[in-house]
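K.L.:
got a structure for you, letters missing:
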């Protein structure tokens, strides 16, 4: 299945170490867009599980931390 979502739609991320230098990511996403036969916005909280290379997972987490810092700065400026 194909889902599309923005970083701000991510509610929670959990990690589990897996063999062969991999991590399992359990991501909870609010209102993802499903791409099946047609595009449809799902108005609910979805859980997405991924198994990814550890280096790519670390890069993803760095991007998330950077995004969260930017969001905090924007909130503090208001």
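P.N.:
Good, I have the coordinates. On a predicted model such as this, the values are computed, not experimentally measured, just so you know. Numbering: from 1, shown residues only.
K.L.:
what does stretch 64-78 contact?
P.N.:
7-8, 10, 13 (C-beta atoms under 8 Å, 6 or more residues apart in numbering). Yep, even glycine has a C-beta here, placed from its N, CA and C like the rest.
K.L.:
what about the protein, any weak spots by pLDDT?
P.N.:
Low-confidence segments of the chain (pLDDT under 70): 1, 78.
K.L.:
hey, where'd the helices end up in it?
P.N.:
Taking DSSP state H, the helices of the chain run over residues 54-77.
K.L.:
wait, residue 7 touches residue 60, no?
P.N.:
No. If you go by C-beta atoms under 8 Å, residue 7 and residue 60 don't touch, sitting 9.8 Å apart.
K.L.:
please identify which of these two sits among more neighbours.
P.N.:
residue 60 (17 against 13; other C-beta atoms under 10 Å).
K.L.:
gap between the more buried one and residue 13?
P.N.:
9 Å (C-beta to C-beta, to the nearest Å).
K.L.:
before I go, just wanted to say thanks for your time.
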